[in-house]
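Student: need a 3D model of the following:
(2 chains)
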Amino acid sequence: MEQYIDFFNSYREKIDEGCSPLLNSFREKAFETFRQIGFPAYKSEDYQHINIPGLLKEDFGFYLNHSGININPHRVFHCDVPNLNSHKHFVVNGHFVDDETKKDLPPTVFSGSLNAFAEQYPELFSKYYNQLASAKNDGMAAFNTTFVQGGYVLYVPENVVIEKAIQLTNISSGNNNSLINRRMLFILESGAQAKLLVCDHAYDENPATANTQVVEIFTGENAELDVCELEESSPNTIRLTSNFVRQAASSHVRINSITLSNGITRNNYIIDLAGEHAKTHLYGMAIADNRQKVDNYTLINHLVPNCHCNELFKYVLDDEATGVFSGRIIVAKDAQKTEAYQSNRNLLGSRDCHMFSKPQLEIYADDVKCSHGMTTGQLDENALFYICSRGIPKEEAVLLLKFAFTNDVIQGIRMEGLRDRLKLLIEKRFRGELVTCRECEKSEE
Amino acid sequence: MLIIKNLHASVNGKEIIKGLDLHVKAGEIHAIMGPNGSGKSTLSAVLVGNPAFEVTAGEIIFEGKNLLEMPPEERSCAGIFLSFQYPVEIPGVSMVNFMRTAVNEHRKYKGEKSLSAGDFLKLMREKQAIVELDKNLINRSVNEGFSGGEKKRNEIFQMAMLEPKLAILDETDSGLDIDALRIVAQGVNQLKRPENATIVITHYQRLLDYIKPDIVHVLYNGRIIRTAGPELALELEQKGYDWLKSEELRVKSEE
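Tutor: Here you go, the predicted model:
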């Protein structure tokens, strides 16, 4: 941790360079917070199974001031999800790549770089940026705010509906080990609607990459937002994300978090249901083998009455993989008529994989419908035999059952073309084939 | 077609089948009857290779091949089909996907090409008419939320799709009302071919009114204690199993 403090003190100018002064103005305070609380300690309550100070101890080298990115991702990276008609954006090593695609969007929408947003909409930026992240006194978020260089903002004004999905592809690319701090801000004013697909791709197998990412999501009254996050990275990738959501009355947020391949991943989802009749769907799925680790932490705060949340996380583990699920739903004293459901289901395919699950419900109101449950087990032997008895070899039967296990998470995705593409990717993943979407291959230039 | 010699089988270390012999020829329908716990379902499980059951002695020859050396999927492809007494629900696996995979595995085994999507759907439609299976069920997950009768019809539908040489119907009549029983039995009769054989395992004579057996066996205490023509089933219906049990005891004590 000392190295980061020294770095900030010695290279302040370098960090600020090329960034909006407004963005830079948030660093000092965040740095103070980070200096006080540091990274979340290993073995502390919410970090029982992931050692963040240990992971970031190595000197990764900051990725700073790379405004002149010399690749055109539109040309080298074809990521087409068939039948998903989308606006495509790219973020390379944390920097939004400015392009022409945004001209197809409604003119009042802002979909672009964090720094440009700070320049063009300083009032909105100050109103929303870092508001959720700083309020939670979170060391990871403070670290990200201290060092962040760029990122992406989606701002959808009142009653504007973006029909097509927006696809944002995060690409990590480089020849050196690096630490990238990314930032995203989604602001939907009342009645606004948008769908986002956020893909994480790591290009190179060799250099180690650590990504910290802070996402802040605000939905106004009656706003609707779908976010599907898909991680397809490499064993050398460390991904540490903190997602903060604040929902106003009658807004509906659906988040699907899918870890298809990775190295070490920790995702935090902290969701505040702050207006009545707000609805949240938080669905997650992780497929991990070898020595991969996927750690999802969720905290849903029912602050007011009449809200609804539905949480489902599924893990398919094999080899020596580790899965962690920590789910907490807190129903405040006055949040009557809350409906909150949480479920965690895990499938273990080997003796050496581990699953740690901590489903928690804290209810302080007395008129609510809540449930939570967790199961961890192996494939159903009876089902396996039934399938084999119809002539299907055991390996195929196992595949069918594993695939079936992930089905309800996939069905929860509302972007239709994406659903079909994911089915294909998951099947390939289970077959042990290299997981790259056919179209997502780096083409030779 | 099927020759079982001196079969002994156990589950969890407990011997259930204790020296069973059975010969089934092409074109025949055999009924195996017997009281609860006599080993009827164990026999069907052993025939299809359920790993929970252990064969401790004896042999099973199916069309000249040693069945006991074959894994369950190979037995299926070779032409053995079991209609389960308790069909398993498999949430998330669609009937269409399940059957397409199974049919194409059978074709692969025979050295045939996979069916095109169109041809497969045509085949499905044709076969589901035989057991009057609601086409909505085909679009659902395997057996998930099916009623008892629908599950049994689905078994016969799968049998129609896979066209086995030897079909084993394990208590297919249990849980069926009269109408469903008639439909299931009609399905079985329609699928009957001179080169195929059927083993009907049942408690009651009822199913045998619809599926006429050529030979009736009584299984008791892990062995076949009586074999006769269809009239045996009627006799059992009238007298129950007790007269055979006491006869068996007498034979044993004489030994």
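
Student: now do the helices in the stretch 301-445 of chain A.
Tutor: In the stretch 301-445 of chain A, the segments counted as helices under DSSP state H, counting those that start in this stretch are A:381-388, A:394-411, A:416-430.

Student: next, count neighbours for the residue lying closest to residue B:40 once chain neighbours are set aside.
Tutor: Among residues not flanking residue B:40 along the chain, residue B:201 sits closest, at 4.8 Å (Cβ to Cβ, 6 or more residues apart in numbering or on different chains). Glycine gets a C-beta too; all of them are placed from N, C-alpha and C. Number of residues near residue B:201 (other Cβ atoms under 10 Å in any protein chain shown) recorded here: 25.

Student: for chain B, which residues are neighbours of chain A?
Tutor: Within chain B, the positions near chain A by Cβ under 8 Å from any Cβ of the partner chain are B:48-52, B:71-73, B:75-77, B:82, B:84, B:87-93, B:97-98, B:101-102, B:105-106, B:109, B:141, B:158, B:162.

Student: sorry, back to before: most tightly packed of the helices of the stretch 301-445 of chain A?
Tutor: Highest mean neighbour count among the helices of the stretch 301-445 of chain A (mean count of other Cβ atoms under 10 Å in any protein chain shown): helix A:381-388, with a mean of 21.

Student: what does that helix contact?
Tutor: A:394, A:396-398, A:400-401, B:50-52, B:71-73, B:76, B:84, B:87-90, B:93, B:98 (Cβ atoms under 8 Å, 6 or more residues apart in numbering or on different chains).

Student: and the helix or strand that the residue nearest to residue B:40 is a member of, what does it pack onto?
Tutor: Residue B:201 belongs to strand B:197-202 when assigned by DSSP states H and E. Applying 3 or more Cβ pairs under 8 Å, 6 or more residues apart in numbering or on different chains; DSSP states H and E, one finds that strand B:197-202 contacts strand B:29-33, helix B:40-48, strand B:166-170.

Student: how about the ones you listed in TSV, adding mean neighbour count?
Tutor: Shown next, in TSV, are these (neighbours: other Cβ atoms under 10 Å in any protein chain shown):
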stretch	mean neighbour count
strand B:29-33	24
helix B:40-48	24
strand B:166-170	25
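
Student: mean pLDDT and distance to residue A:20 added to the ones you listed, as TSV?
Tutor: Converted to TSV, the helices and strands packed on strand B:197-202 look like this (pLDDT from 0 to 100; distance: least, Cβ to Cβ, whole Å):
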stretch	mean pLDDT	distance to residue A:20
strand B:29-33	94	82
helix B:40-48	95	70
strand B:166-170	95	73
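
Student: circling back to that earlier point, correct me if wrong: the residue nearest to residue B:40 contacts residue B:47.
Tutor: No. Contact criterion Cβ atoms under 8 Å: residue B:201 and residue B:47 do not qualify, at 10.3 Å.

Student: residue A:399 versus the residue of the stretch 1-150 of chain B found nearest chain A, what's the distance?
Tutor: Nearest to chain A, among the residues of the stretch 1-150 of chain B, is residue B:92, at 2.8 Å (Cβ to the nearest Cβ). Applying Cβ to Cβ, to the nearest Å, one obtains 12 Å for the distance of residue B:92 from residue A:399.

Student: residues in contact with the closest residue to residue A:328 other than its chain neighbours?
Tutor: Using Cβ to Cβ, 6+ apart and skipping the chain neighbours, the partner closest in space to residue A:328 is residue A:360 (4.3 Å). By Cβ under 8 Å, 6+ apart, the contact list for residue A:360 reads A:326-329, A:372.

Student: mind putting the helices and strands packed on strand B:197-202 into CSV with distance to residue A:109?
Tutor: Output for the helices and strands packed on strand B:197-202, formatted as CSV (distance: least, Cβ to Cβ, whole Å):
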stretch, distance to residue A:109
strand B:29-33, 72
helix B:40-48, 61
strand B:166-170, 63
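
Student: so for the residue in chain A that chain B sits nearest to, what's the pLDDT?
Tutor: Of all residues in chain A, residue A:404 sits closest to chain B, at 2.8 Å by Cβ to the nearest Cβ. Residue A:404 carries a pLDDT score of 93 in this model.
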